[in-house]
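[1] A predicted structure for the sequence below; I have some questions about it.
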Amino acid sequence: MPKAAGGRTRPYAGTDRASAAEVAAVANLAGRAAVHEERAAPPGAKPVPVEHSHPGAGLPRTLSFDIGGTGLKASVLSRHGELLHEPVRVPTPYPLRPEQLVSTLASLTEGLPAYQRVSAGFPGMVRAGQVVSAPHFVSPDGPGGRPTEELLHAWARFDLQGALASALGRPCRVANDADVQGAALVDGKGLELVVTLGTGVGTAVFWQGRLAPHLELAHHPLGRKGLSYNEMLGDAARRKVGNKKWNKRVRSTIEVLRALMFFDHCYIGGGNSRHVDFELPADVTLADNTAGILGGIKLWERS
């Protein structure tokens, strides 16, 4: 059982374990994980609107977790999006089992202001609060390492949303990290697509401001050679082929996604968005990376 702040132990909801086929699918994705780096916003990025008022005025306050492959961060935000405490961070420990993630996140809340609800962005496929894939965490060595059967089974179908709610004693919502970032960016008009470009590629889709079921497009084939979005647009590919050729790939991928989804608007975020140097179509906007912080609030408002 995970330990909450102060050393108290709380139960968390039990989880169903995945079938052998599901475990095999997760293992296949593990080596192709998408990581979304936090960098300064690129020039011309769309700012995230924030209401300004006296810090802490009004409830509810939201405890927001940013779960990453290298670090775990937490902060509390007012209902207006104001940071009520400097973000606290610890390195992501490995090997990392689900119970250890929950207890480590709970320990980050010590000393933070009071909060009424919890949000978390998770680097993998999340469905109804359950982890469908955790590509960073299924290897004892972390991102890029070889998965083990033990960790694959431990993470498959783990009810992270229920576990955090039980450990912290507050209602909780968990979504893919790109979904959380997108929740702060979209305007709520038509079909909006969010693409994050970092070490890998993340995507989120919204219809009339409501989050659609998550799709791991990063692992889908793109291009004539059958390479995935990650393999074509990830940071390793950018460094290999150079920014000029990488930008051509980004440009063509936007049109592929347009033909696939007929989006009304597309937002490009993530650490490598700063390398996008071509003129974007009118229905495509570079995103401000502060969206990753405010998404914890918007996830509740838009759900």
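    That came in fine, so what should we check first?
[2] Please enumerate the strands of the stretch 1-150 of the chain.
    Using DSSP state E, counting those that start in this stretch, the strands of the stretch 1-150 of the chain run over 62-67, 71-77, 88-91, 117-122, 126-127, 130-131.
[3] In CSV, list these along with mean pLDDT, mean neighbour count and distance to residue 140.
    Where C-beta positions appear, they are placed from N, C-alpha and C, glycine not excepted. Shown next, in CSV, are the strands of the stretch 1-150 of the chain (pLDDT from 0 to 100; neighbours: other CB atoms under 10 Å; distance: least, CB to CB, whole Å):
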stretch, mean pLDDT, mean neighbour count, distance to residue 140
strand 62-67, 90, 25, 18
strand 71-77, 88, 21, 17
strand 88-91, 90, 14, 15
strand 117-122, 94, 25, 19
strand 126-127, 91, 20, 22
strand 130-131, 96, 23, 17
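[4] Let me have these in CSV, extended by distance to residue 186.
    Shown next, in CSV, are the strands of the stretch 1-150 of the chain (distance: least, CB to CB, whole Å):
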stretch, distance to residue 186
strand 62-67, 18
strand 71-77, 18
strand 88-91, 27
strand 117-122, 15
strand 126-127, 18
strand 130-131, 24
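[5] Of all the ones you listed, which one is nearest residue 235?
    strand 71-77 (17.3 Å; CB to CB).
[6] what sits up against that closest one?
    61-66, 83-92, 101, 104-105, 108-109, 112-115, 293-294, 296-297 (CB atoms under 8 Å, 6 or more residues apart in numbering).
[7] Neighbours of residue 258, how many?
    15 (other CB atoms under 10 Å).
[8] same question, residue 251
    15.
[9] Make sure it is actually in contact with residue 278.
    Yes - counting by CB atoms under 8 Å, residue 251 does reach residue 278; the two are 5.7 Å apart.
[10] Backbone torsions only: list them for residue 189.
    phi -120, psi 110 (degrees, to the nearest 10).
[11] quick one: it and residue 202, what's the gap?
    Counting by CB to CB, to the nearest Å, the separation of residue 189 from residue 202 is 22 Å.
[12] Which one's more surrounded, the two?
    residue 202 (27 against 11).
[13] How about the secondary structure of the more buried one?
    Three-state call for residue 202 (DSSP: H, G, I helix; E, B strand; the rest coil): strand.
[14] dump the residue contacts of it.
    34, 36, 176-178, 181, 194-196, 218, 270.
[15] will you turn those into a markdown table that also has pLDDT and distance to residue 125?
    Listed next are the contacts of residue 202 as a markdown table, based on pLDDT from 0 to 100; distance: CB to CB, whole Å:
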| residue | pLDDT | distance to residue 125 |
| --- | --- | --- |
| 34 | 33 | 10 |
| 36 | 34 | 14 |
| 176 | 91 | 7 |
| 177 | 84 | 11 |
| 178 | 87 | 11 |
| 181 | 85 | 16 |
| 194 | 94 | 16 |
| 195 | 93 | 16 |
| 196 | 85 | 15 |
| 218 | 81 | 10 |
| 270 | 77 | 18 |
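[16] which one of those residues is nearest residue 207?
    Using CB to CB, these come closest to residue 207 at residue 194, 12.5 Å.
[17] what separates that closest one from residue 276, distance-wise?
    14 Å.
[18] of the two, who's got more company?
    Neighbour count, other CB under 10 Å: between residue 194 and residue 276, residue 194 has more, with 28 against 20.
[19] What residues are bridge-paired with the more buried one?
    residue 204, residue 267 (DSSP bridges).
[20] thinking it is in contact with residue 203, fair?
    Yes - if you go by CB under 8 Å, residue 194 and residue 203 touch, sitting 6.7 Å apart.
[21] which residues do the two both contact?
    Common neighbours of residue 194 and residue 203 (CB under 8 Å, 6+ apart) are residue 178.
[22] Local confidence estimate at residue 222?
    The model reports residue 222 with a pLDDT of 87.
[23] neighbours of it, just the number please.
    22.
[24] And the strands in the stretch 151-300 of the chain, which stretches?
    Going by DSSP E, counting those that start in this stretch, the stretch 151-300 of the chain shows strands at 158-159, 172-176, 191-197, 201-207, 210-211, 265-269, 284-286.
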